[in-house]
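> okay, structure incoming, though there's no sequence with it:
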């Protein structure tokens, strides 16, 4: 079977109504060899084998509302050995070129992808089965039993090479105000030896650029990843370079009045064995952090650096090798009515959230900080609530501390050994 540039557009009207996705355009190329074989004595008496290649080009599809959902330049599939009657699919390669996916969440928090399986036609009612009649003959029943279909074979799927090149994902969230927009560009992914059911960890690697959505958006940051995994366990290494904190602005704004600026760079590893997750941060840095009210800087931090930090969600433990704060600066004021200025930084909740139902007490978190360093801190303090106003400034604040256990310090009855501490400052 050979097709060369077969345009599917003229035949889209034959697609059944009520499909979750509306195909708008596509071109099909195929070079398929079909082989039939009858083996009466085998468990599967009829064998159908497909080999060759398929390519779907200039694909465009919309969701139920007619909005753009998915498009790609080309999807190329190499069929090494496909036997659908036996549940065997062996693909030599799957290559997806320039996919563009639109993910939207409306004001009610419903994802457009989640609605694909819940629209018209997805839950069509089946006609009721006819009640058995006493007139049914025993021979007829025996014939029905003899011709009953055998259980479908379990699918066995193998993909030798998977590649995604120059992909894009556009995220729009109408549940926030203003609506959040994020864009993933330059998405590249390579994976090998994929199997289902998974028999061994499949290696993968890739990268993506994440930036704010909309026109005129900043360049954003790059995330690179590599590792291996199955459906039950995975190891993944991540390298984050210059990811702007402004990406989260739409989600922070309902709680925080000032704008948060800065960038994140990190090198970390993730270890997952269902359902447990552990994170090891070789190094992470938040740079040029600031809370901005217009052009006024309310608080700033030159950098926050973490090294050799382990987070175990199953054991509820955090072990920090070193936390270093460089040039933290803040201005703290209390007005005559006793209100602190930073209280105005927090927005009042829009609606009251009912308290969660009482649960059994969970294991408390354990946090251990091997080393803390603060360098070049500064604080401006004013207090107008007293009869005699108070004002002072702290500069050159340096702190060094070791072997801190903050959670143990706050736990009643816990015994905590003294921690070495050195503080110097000018007031």
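Right, received. Where do you want to start? All values reported here derive from a predicted model rather than from experimental measurement.

> which residues touch the closest residue to residue 376 other than its chain neighbours?
Closest residue in space to residue 376, ignoring its immediate chain neighbours: residue 327 at 4.4 Å, by C-beta to C-beta, 6 or more residues apart in numbering. Quick note: C-beta positions are derived from backbone N, CA and C, even for glycine. Residues in contact with residue 327, defined by C-beta atoms under 8 Å, 6 or more residues apart in numbering, are 300-303, 375-378.

> please redo it, this time with the cut-off set to 7 Å
Counting by C-beta atoms under 7 Å, 6 or more residues apart in numbering, residue 327 makes contact with 301-302, 376.

> over to residue 221?
Residue 221 touches 210, 240-244, 263, counting by C-beta under 7 Å, 6+ apart.

> these in strands, which ones?
Mapping these onto strands (DSSP state E) picks out 210, 240-244, 263.

> is it possible to get a markdown table of the residues you listed that adds pLDDT?
Listed next are the ones in strands among the contacts of residue 221 as a markdown table, based on pLDDT from 0 to 100:
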| residue | pLDDT |
| --- | --- |
| 210 | 95 |
| 240 | 97 |
| 241 | 96 |
| 242 | 94 |
| 243 | 95 |
| 244 | 93 |
| 263 | 95 |
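
> now tabulate those in TSV and tack on neighbour count.
Below are the ones in strands among the contacts of residue 221 laid out as TSV (neighbours: other C-beta atoms under 10 Å):
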residue	neighbour count
210	20
240	19
241	15
242	12
243	21
244	19
263	19
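
> dump those residues to a markdown table, plus distance to residue 389.
Conversion of the ones in strands among the contacts of residue 221 to a markdown table gives the following (distance: C-beta to C-beta, whole Å):
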| residue | distance to residue 389 |
| --- | --- |
| 210 | 47 |
| 240 | 45 |
| 241 | 47 |
| 242 | 43 |
| 243 | 42 |
| 244 | 39 |
| 263 | 38 |
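
> closest to residue 184 among those?
residue 210 (5.7 Å; C-beta to C-beta).

> identify the bridge partners of that closest one.
residue 184, residue 221 (DSSP bridges).

> which residues does it contact?
182, 184, 220-221, 223, 243, 247.

> now the helices for this protein?
138-146, 249-252, 406-410 (DSSP state H).

> residues contacting residue 160?
91-93, 192-193.

> among the residues you listed, name the buried ones.
91, 193 (16 or more other C-beta atoms under 10 Å).

> and which of the contacts of residue 160 is nearest residue 307?
Top of the list for closeness to residue 307, among the contacts of residue 160 and by C-beta to C-beta, is residue 192 at 32.7 Å.

> could you verify my assumption that that closest one touches residue 200?
No. In this structure, residue 192 is not within contact of residue 200 by C-beta atoms under 7 Å, at 11.0 Å.

> who are the neighbours in contact with residue 321?
307-309, 370-371.

> mind running it again at 10 Å?
Residue 321 makes contact with 281-283, 306-310, 368-371, according to C-beta atoms under 10 Å, 6 or more residues apart in numbering.

> comparing the helices of the chain, which yields the minimum mean pLDDT?
If these are sorted by mean pLDDT, helix 138-146 sits at the bottom with a mean of 46.

> cross the contacts of residue 160 against strands and list the overlap.
Per DSSP E, the subset of the contacts of residue 160 in strands is 91-93, 192-193.

> which of the contacts of residue 210 lies closest to residue 318?
Closest to residue 318, out of all of those and judged by C-beta to C-beta, is residue 243, at 21.5 Å.

> quick one: that closest one from residue 402, how far?
30 Å (C-beta to C-beta, to the nearest Å).

> with residue 111 instead?
For residue 111, the distance to residue 402 equals 47 Å [C-beta to C-beta].

> then residue 28?
Distance from residue 28 to residue 402, by C-beta to C-beta: 66 Å.

> ditto for residue 242
Between residue 242 and residue 402 the computed distance is 31 Å (C-beta to C-beta).
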